[in-house]
Structure formats: structure tokens, C-alpha cells
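>>> Need the 3D shape of this:
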Amino acid sequence: MKPKGLNIKIVWVAALIIYLYLLTKLILFKWHTMDWDFVWIQLMTIAQQPELIHTRTVNLTPFQEILRDWHSLTLHRPGTTIHLLGNVMAFIPLGIFIPVLMGNKLLSGAKVLVLSLLLSFAFEVTQLLTGMGIFDVDDLMLNTFGGMIGYVLYTILAGMKRLIVGGTTPAAKKEYNSNQSRV
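Numbers count the residues shown, from 1 in each chain. Presented below is the predicted three-dimensional model:
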């Protein structure tokens with residue numbers, strides 16, 4: 001890898017780390033101070049008294065909260081809009097980071113889908129175990145949808161860049177090279 005390419009990769013990795021820090025601060029700590037001692041105490045409590053898990057609020061019904069929020073969208077209740085759009089928008093950057101850092105290959109969309117779902121699931125389970133939020137299957141769907149929107153945006157921007165700057169797709173280069181080797 002060229003030094004310039006390595007520097008760009010380092011910037012992208014640093015941006016990903018900052019993004020994950022901010023995402024954790026948003027989802028788990030609701031922008032408050034990150035108190036890891038509190039998280040540890042909550043985890044130890046649930047480990048010592050697993051029956052407390054039944055006291056946590058959980059939504060396992062798909063679309064229950066999405067439909068409730070959708071039907072109550074008004075200017076007087078901005079919280080519902082924030083909940084719906086916030087869960088989607090929070091994961092859009094992840095859908096961009098994954099193909100940039102892992103390479104824009106054929107299965108990038110599948111990687112974004114799986115990694116968005118897994119990261120969202122990790123946050124939801126953490127909320128369930130620590131009581132720092134509600135485990136909500138709708139959040140899983142909205143977060144994953146946000147990741148996929150980010151991937152679509154990345155794909156569109158990468159295609160526009162190729163049109164403006166010129167060049168070919170990796171698949172086209174491979175086919176061109178294989179045709180040249182036959183000649």
C-alpha cells in the first residue's frame with residue numbers, strides 16, 4: 001500500500017473509532033457522561049441476580065413501536081420523529097465505513113447488512129443487561145435499515161466519482177486484464 005493510501009486508511013479508521021465512541025455515548029449514555037463503573041455494576045448485578053432480567057422492558061413485536069411512533073407523528077411530539085429518524089440516521093455512517101475500510105467488493109452490501117444488525121444487536125443486549133435502555137426489535141430493524149441507506153449512498157457516490165473522474169470498476173478491470181492475457 002502506498003504511503004498516501006496508508007494515511008487515508010488511518011484517517012478512516014480514526015473516524016470509525018470516533019463514530020463508534022459517539023454512537024455508544026448516544027445509544028447507551030444518552031449523551032451523558034460515560035460511566036463505565038455503572039455499566040460494570042449493572043452487569044455484575046444481573047450476573048448475581050439473573051431473575052432481574054424479567055424486570056426489564058422489552059419489545060419483541062416487530063413494527064410495534066415503529067407503527068405507534070408513525071401514527072403519533074406531529075409537530076407537538078418531536079420525540080417520535082427523533083426516535084424514528086434517529087435510529088436510522090445513527091447507522092448511516094456505518095454503511096459508509098464498512099465498504100471504505102473493507103473494500104468495495106461484491107458482498108459489501110451483505111457485510112453492511114450483517115455488521116449493522118450485529119452492532120445494533122450488541123447495543124440492544126447491552127441495554128437489556130444493564131437496564132440503560134429498552135431492548136427493542138424495532139431499533140434493530142431501523143438501525144440495520146440506516147446501515148443499508150449508508151451503503152446505498154456510498155455506492156451512488158462511488159459511481160458518481162467514477163463517472164466524473166473516469167476509470168473503471170474493479171470487475172471491469174479484471175475482465176479487461178483477462179481478455180488482454182488471451183491475446
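>>> contacting residues for the closest residue to residue 123 other than its chain neighbours?
The shortest distance from residue 123 to any residue other than its chain neighbours is 4.8 Å, reached at residue 27 (Cβ to Cβ, 6 or more residues apart in numbering). All C-beta atoms are positioned from the backbone trio N, CA, C, and that covers glycine. Residue 27 is in contact with 90, 123, 127, 133, counting by Cβ atoms under 8 Å, 6 or more residues apart in numbering.
>>> low pLDDT regions in this structure?
Low-confidence segments of the chain (pLDDT under 70): 1-2, 74-75, 104, 167-183.
>>> Which parts of it are strands?
For the chain, applying DSSP state E gives strands covering 58-59, 135-136.
>>> Any idea how far the last one is from the middle of the chain?
What separates the centre of strand 135-136 from the centre of its chain is 16 Å, taken as Cα atoms, centre = their mean, to the nearest Å.
>>> what's next to that strand, contact-wise?
56, 57, 58, 59, 60, 65, 124, 125, 127, 128.
>>> try the first one
Residues from elsewhere that reach strand 58-59 (Cβ under 8 Å, 6+ apart): 65, 128, 134, 135, 136, 137, 138.
>>> Please indicate which of those residues are buried?
By neighbour count, with 16 or more other Cβ atoms under 10 Å, the contacts of strand 58-59 hold 65, 128, 135, 136, 137, 138 as buried.
>>> Can you tell me which of those residues is nearest residue 41?
Of all the buried ones among the contacts of strand 58-59, residue 41 sits closest to residue 128, with 15.8 Å by Cβ to Cβ.
>>> What sits closest to the closest one if chain neighbours are left out?
Closest to residue 128 by Cβ to Cβ, 6+ apart is residue 135, at 4.0 Å.
>>> ditto for residue 129
residue 46 (5.3 Å).
>>> close enough to count as contact, the one you found and residue 54?
No. Here residue 46 does not reach residue 54: they are 10.9 Å apart, not a contact under Cβ atoms under 8 Å.
>>> Please identify which of those two sits among more neighbours.
Ranked by neighbour count (other Cβ atoms under 10 Å), residue 46 and residue 54 place residue 46 first, with 17 against 7.
>>> wait, what's in contact with that one?
Taking Cβ under 8 Å, 6+ apart, one finds 52, 53, 129, 130, 131 in contact with residue 46.
>>> Enumerate every residue touching the closest residue to residue 83 other than its chain neighbours.
The shortest distance from residue 83 to any non-neighbouring residue, by Cβ to Cβ, 6+ apart, is to residue 69 (5.5 Å). By Cβ under 8 Å, 6+ apart, the contact list for residue 69 reads 80, 81, 83, 84.
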